[in-house]
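> model the following, please.
(one chain, ligands or ions: 6)
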Amino acid sequence: MASSDAVVLVLGLVLASLYLFRDQLFSSSIKPKTTTPPVKEANGHGNPRDFVAKMVAGKKRLVIFYGSQTGTAEEYAIRIAKEAKSKFGLASLVCDPEEYDFDNLDQIPDDCAAIFVMATYGEGEPTDNAVQLMQNLSDESFEFSKGEHKLDGLKYVIFGLGNRTYEHYNVISKQVDEHLTKMGAARIGLRGEGDDDKSMEEDYLEWKDGMWDAFARVMNVEEGQGGDTADFAVSEIEDSLPAEKVYRGELSARALTRSKGIHDAKNPYAAPISVSRELFQNTHTRNCVHVELNIEGSGITYQHGDHVGVWPSNPDLEVERLLCALGLSEKRDTVIGIESLDPALAKVPFPVPTTYATVLRHYIDISAVAGRQILGVLAKFGPTPSAEAYLRNLNTHKEEYHVAVAEGCLKLGELLQLAAGDDIRATPTTANTTAWKIPFDIIVSSIPRLQPRFYSISSSPKLNPNSIHVTCVVLKYDSAGSQIPPRSIFGVGSNFLLNLKYAASGETPLISADTGSNGTLFPSYAIEGPRGAHHEGSIYKVPVHVRRSTFRLPTNPKSPIIMIGPGTGVAPFRGFVQERVALARRSIEKNGPDALNDWGNIYLFYGCRRSSEDFLYREEWPEYVSELQGKFTLRSAFSREPPYKPDGGKIYVQDLIWQDRTQVADAILNGKGYVYICGDAKNMAKSVEETLARILGEAKGGSAEVEGAAEMKQLKERSRLMLDVWS
Ligand SMILES: Cc1cc2nc3c(=O)[nH]c(=O)nc-3n(C[C@H](O)[C@H](O)[C@H](O)COP(=O)(O)OP(=O)(O)OC[C@H]3O[C@@H](n4cnc5c(N)ncnc54)[C@H](O)[C@@H]3O)c2cc1C
Ligand SMILES: NC(=O)c1ccc[n+]([C@@H]2O[C@H](COP(=O)([O-])OP(=O)(O)OC[C@H]3O[C@@H](n4cnc5c(N)ncnc54)[C@H](OP(=O)(O)O)[C@@H]3O)[C@@H](O)[C@H]2O)c1
Ligand SMILES: Cc1cc2nc3c(=O)[nH]c(=O)nc-3n(C[C@H](O)[C@H](O)[C@H](O)COP(=O)(O)O)c2cc1C
Ligand SMILES: *[C@@H]1O[C@H](CO)[C@@H](O)[C@H](O)[C@H]1NC(C)=O
Ligand SMILES: *[C@@H]1O[C@H](CO)[C@@H](O)[C@H](O)[C@H]1NC(C)=O
Ligand SMILES: *[C@@H]1O[C@H](CO)[C@@H](O)[C@H](O)[C@H]1NC(C)=O
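Ligands and ions are numbered 1, 2, ... in the order given. Modelled structure (predicted):
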C-alpha cells in the first residue's frame, strides 16, 4: 500500500477516519487517503522508491518482496512478516517490488535481511510486479557500488510459489536464488518451494521451521524477545473534537452513533438484563449467577447449544493502577488518535479516536497475568536502574518468571509497581505510584485486545424466544508463588456479571462474603457503560453477541440422548431439555397424550459438591421430568456428601455412568443414541471419555483400548459424540 509508511498523524487523517467510520461497521484499517493533506513519507525527505531508507527510518530489519499476481505470494509475505514479529520482535517492510528501485540492494545494513516470496507464471516467467526486479537481478551490467562481489554481506531468505503441473515449476524463485548467490549474497536456510496444486500450506509449514532456526542463528536473535519498533503512532488530539465522535468504550461505530444494524461480534448488542439471580444456596464463598438477557427486537436469534459472548470491561482498580503506573492519571480523558504504521501488518485493534482511560478500561486486556515477553520490551523504560533490572531478570529467567509472575498471578500494573518498589496493596494514586515513561504505542502493540467471554446458552429459544440465559460460575481463587503473600484473584468476565447481577437485582454485595482473602477488595466496574448507555432506570445492559455452534440435539426425538454435564457444564443441557419439553408440548397437543411413547430416553448425568449448596436449577428438574413423562432421567452425583465409595472416594458423574452401563451401552449401540459432554476439559471430560470407552469396549466383548476406542472414534466422526468443554 502506497501510504503504508505514513507516520505523521495529522488531525485531518483522524477526521477522515471518522468519516469512514460513519457508515461502516468498526474496522480499523484506514484506507489510503486522497482527500487528506499530503502525508509525509516515513523517510521524511528522500525518494519514495528507496526501500533501504524506509527500513532505516522505520527501524525495520527485514524487507520482504513479493512477486505476486493473484495475491497468494503477498499473503505468504505478510505471514512471514507476522511470524518474524511475533517470534523475534522484528519488524518488516513488506514491499511490492514494482514500487521500489534495486540499485541499493547492496546497501541493506548488516544486521538486516531481505526476503523474497516469488510466484512463477507462464513459461517460467515472473509476475508482472516482479519483471523489473528480475531484469535487474539478471542484468550482468547491473552495477552496485561494491563492484565484484556485488552483494557480499547481504543475507536473504527465499520462498517460491508454483504449481507442479506446469513444466517450469518454481523457476523464478530458483533464478532469484541463483542470481543472488552469484553476486555473493548468502541464503538463510533452504530455499522453500510451495506447490499450489497440492500442498502449498504443508510445503510452507515444512520449510519455515528450519528456516527460522537458521534465521535466528544468522541474525543473532532469540525467540521470545520483543523488538522496539513501533507498530502504531499515537497522537494526542489537542483541537477539540465533537464529543460524540470520540469512542468511550463503544465496541462499534454503530454503538457510537446509536444507529441500527446487524448485531454480531463486530457490533455487540447491549442486551437489557431482565432477570438475574444467585443459583448457589448457603454458600458465602462461591457464586453462580443466572442472567437472562432480553433480545426482543434486537434481531438476534439463537439455537440451543449456541454460545453467547459477553463483553466485559476491566475492573476500576486495575484501570486506576495502570493509569498511575503509566503516568497517565491526569491525562486520562485526553483524546488520542492511533494510526497503524503498516496497515497490512498491524491494524489498530480497537476503535479510535478514544481516550487513554477508555483504552485501559474497555479495549485491552490489562487484567491478565503479564506475559514474559512484554517485560523485556518494557524494562528499558524503568524509572530506576533497579526497576529495569527487576523486569529484565523476570524476562530472561523462565523459572523466576513462573514462580513470581505466573503463579503469583501478577498483572502488568502490579508488576510495574513492584518493580518500582511501590506497595501494590495500597489504593493506587499518582502520589504513591511511580510513573513509567512507556510510550503508549508500545502498550497498544504489546497488550492484546480485551476478549469477550463465552458462555454456553442455558435456555432453549422454543421456550424462551426473547431471552438468552447464562449460567456463570464466578471465578475467584488464591494466587500462589513465594514473592508476595497469596491474594484473591477475581476472573474479569464472571465478576463483571456478578457486579451486574448485584446492580440489576438492587442488592449490595455482602462485603464480608465478597471480600477476598487478606482483605483484597471485591472488584468494582463501570457497569453503567460508556456515557451511561448501559444503565436506564433500574435496567442494566451488557454487550453480547451470539456464536453459532454445532452442539445440537438430533432432530428425531426417537434417538436416545445421554448428556454429561457436572458443575456449570449443565448449562447447555438445561437448554437441551427445554428444547425437548417444547417439542413434547407440541406433540402432545397435536397427537394426544401418547405422543411421547416412542421417544428415546433422555439421560442427564449431573454432578456438584452438595445437594443443598450448588445443585444448579434443582427446583426445575422435577418439572421437566413430569412434562417429559418419564422419558427424562436426571442422575446426580454429590461429590462432597454421602454416599461415598467403599474406599471413601468421591462419587463423580463417570461413576454413575459406570453404574448405569447396561442402559448407556444399549442407548448408544442399539438405540443409535447421541452423547454430549460439557464442562471441565482438563479432568472431567477425559475421565468421562475413558469410562465411556470402557463401557462400549466391554459391551462389544473387547477392551476399552481397542474396541472401545474404535467405537468412540466412530461416534465422534458421525457427530454422535459431541463435546462443549473448556479449561
Ligand atoms: C465454549 C465455552 C463455553 C463456556 N461456557 C461457560 C458456561 O456456561 N458457564 C461458565 O460459568 N463458564 C463458561 N465458560 C468459561 C467462561 O468463558 C470464562 O472463561 C469464565 O467465566 C472465566 O472468565 P473470567 O473472565 O471471569 O476469568 P479470566 O479473568 O479470564 O480468568 C481466567 C483465567 O484465570 C486462570 N485461572 C483460572 N482458575 C485458576 C486457578 N484456580 N489458579 C490459577 N489460575 C487460574 C486461567 O488462566 C484462566 O484462563 C465457557 C468457556 C468456553 C470456551
Ligand atoms: N481444571 C480443573 O481442574 C477444573 C476442575 C473443575 C472445574 N473446572 C473449571 O472450573 C470452572 C467452574 O467449575 P464448576 O464450579 O462449574 O464446577 P465444580 O463445582 O468445580 O465441579 C462440579 C463437580 O464436578 C466434580 N469433579 C471434580 N473433578 C472431577 C472429575 N475429574 N471428573 C468428574 N467430576 C469432577 C466436582 O467435585 P469436587 O470438587 O468435590 O472434587 C463437583 O462435584 C469451570 O470453568 C470448569 O471448567 C476446572
Ligand atoms: C496462468 C498461470 C500460469 C502459471 N504458470 C506457472 C509456471 O509456469 N510454473 C509454476 O511453477 N507455477 C505456475 N503457476 C502457478 C502459480 O505460480 C501459483 O498458483 C502461485 O501460487 C500464484 O501466486 P500469486 O497468487 O501470488 O500470483 C501458474 C499459474 C497460473 C494461473
Ligand atoms: C532495473 O530495471 C529497470 C527496468 O528495466 C531499469 O529501468 C533500471 O535502470 C534498472 N536498474 C538498474 C540499477 O540497473
Ligand atoms: C495447477 O495447474 C493446473 C493445470 O493448469 C490446474 O488445473 C490447477 O487448478 C492448478 N492449481 C491451482 C491451485 O491453481
Ligand atoms: C496512597 O494514597 C492513597 C490515597 O491518598 C492512600 O489511600 C494509600 O494508602 C496510599 N498508599 C501508600 C503506600 O502510601
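
> residues near the residue in the stretch 101-250 of the chain positioned nearest to ligand 1, how many?
Residue of the stretch 101-250 of the chain nearest ligand 1, by CB to the nearest ligand atom: residue 249 (17.1 Å). Any C-beta I mention is one placed from the backbone N, CA and C, and that applies to glycine too. Using other CB atoms under 10 Å, the number of residues around residue 249 comes to 25.

> also the one 4 residues further on?
One way to gauge burial is a neighbour count; for residue 253, by other CB under 10 Å, it gives 22.

> was I right about it contacting residue 351?
Yes - Residue 253 lies in contact with residue 351 (CB atoms under 8 Å); the separation is 6.9 Å.

> nearest to ligand 2: which residue in the stretch 551-700 of the chain?
Going by CB to the nearest ligand atom, ligand 2 is nearest to residue 567 of the stretch 551-700 of the chain, at 2.4 Å.

> list the contacts of the residue lying closest to residue 697 once chain neighbours are set aside.
Spatial nearest neighbour of residue 697, excluding adjacent residues (CB to CB, 6 or more residues apart in numbering): residue 708 at 2.8 Å. Residues in contact with residue 708 (CB atoms under 8 Å, 6 or more residues apart in numbering) are 692-698, 700, 702.

> in which helix or strand does residue 151 reside?
Per DSSP states H and E: residue 151 is located in neither a helix nor a strand.

> shift numbering so it begins at 39
Yes, from this point I'll number from 39; that puts the last item at residue 189.

> tell me the contacts of it?
Counting by CB under 8 Å, 6+ apart, residue 189 touches 143-144, 182, 218, 221-223.

> which stretches of the stretch 89-238 of the chain aren't confidently modelled?
Counting by pLDDT under 70, the stretch 89-238 of the chain has low-confidence residues at 180-187.

> try 50 this time
Within the stretch 89-238 of the chain, no stretch has pLDDT under 50.

> where along it do the strands fall?
100-105, 130-133, 151-159, 163-164, 193-200, 224-225, 230-233 (DSSP state E, counting those that start in this stretch).

> want to throw the ones you listed into CSV with mean neighbour count and distance to ligand 6?
Putting these into CSV (neighbours: other CB atoms under 10 Å; distance: least, CB to the nearest ligand atom, whole Å) gives the following:
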stretch, mean neighbour count, distance to ligand 6
strand 100-105, 26, 45
strand 130-133, 24, 44
strand 151-159, 25, 49
strand 163-164, 19, 65
strand 193-200, 25, 52
strand 224-225, 16, 56
strand 230-233, 22, 56
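
> please identify which of those strands is closest to ligand 3.
Among these, strand 193-200 comes nearest to ligand 3, with 2.3 Å by CB to the nearest ligand atom.

> now the closest one - C-alpha only, PDB.
C-alpha atoms of strand 193-200 as PDB (Å, rounded to 0.1, in the frame of the first residue of the first chain):
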ATOM      1  CA  LYS A 193      21.500 -12.200   3.800                       C
ATOM      2  CA  TYR A 194      18.400 -13.400   2.200                       C
ATOM      3  CA  VAL A 195      15.500 -15.900   2.600                       C
ATOM      4  CA  ILE A 196      13.600 -17.300  -0.400                       C
ATOM      5  CA  PHE A 197      10.300 -19.000  -0.700                       C
ATOM      6  CA  GLY A 198       8.900 -19.700  -4.200                       C
ATOM      7  CA  LEU A 199       5.300 -20.400  -5.200                       C
ATOM      8  CA  GLY A 200       4.400 -22.500  -8.200                       C
END
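
> any part of that strand near ligand 5?
No - using CB under 6 Å from any ligand atom, strand 193-200 stays clear of ligand 5, coming no nearer than 9.0 Å.
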